[in-house]
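> generate a structure from the sequence data that follows.
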Amino acid sequence: MKSIKYFTASWCPPCKQFKPIMKEIEREGHSISFIDVDYDEGELAAKYDISSVPTSIVEENGKEIERFIGPLPKKEVLEKLI
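Take a look at the predicted model:
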């Protein structure tokens with residue numbers, strides 16, 4: 001099963017735009033971890049070499065298979081989870 005690590009920040013306007021889409025996808029049953037690079041998981045952001053937000057990392061069986069930076073339409077995110 002694929003999952004997404006969604007790296008975000010409270011001060012980031014594109015993150016604020018994209019977060020509701022990611023929350024909706026999560027409510028539909030997909031696994032999404034929300035990671036605030038400033039407050040929650042700074043070390044995790046460093047481990048994944050996050051240099052800008054929002055960054056989303058698609059994983060399958062715990063391994064990164066894709067990453068994208070910036071907001072995407074819901075349909076495109078769902079296609080990455082199939």
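> ok, residues contacting the lengthiest helix in the chain?
As assigned by DSSP state H, the longest helix anywhere in the chain is helix 13-27. Residues from elsewhere that reach helix 13-27 (Cβ atoms under 8 Å, 6 or more residues apart in numbering): 4, 6, 8-9, 32, 34, 53-54, 56, 70-74, 77-78, 81. All C-beta atoms are positioned from the backbone trio N, CA, C, and that covers glycine.
> beyond it, next helix or strand please.
Counting by DSSP states H and E, the element after helix 13-27 in chain order, helix or strand, is strand 31-36.
> from the contacts of helix 13-27, which land in strands?
Residues of the contacts of helix 13-27 located in strands (DSSP state E): 4, 6, 8, 32, 34, 56.
> need those residues in JSON lines with neighbour count, can you?
Output for those, formatted as JSON lines (neighbours: other Cβ atoms under 10 Å):
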{"residue": "I4", "neighbour count": "23"}
{"residue": "Y6", "neighbour count": "23"}
{"residue": "T8", "neighbour count": "24"}
{"residue": "I32", "neighbour count": "18"}
{"residue": "F34", "neighbour count": "15"}
{"residue": "S56", "neighbour count": "22"}
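> this completes my enquiry, with thanks.
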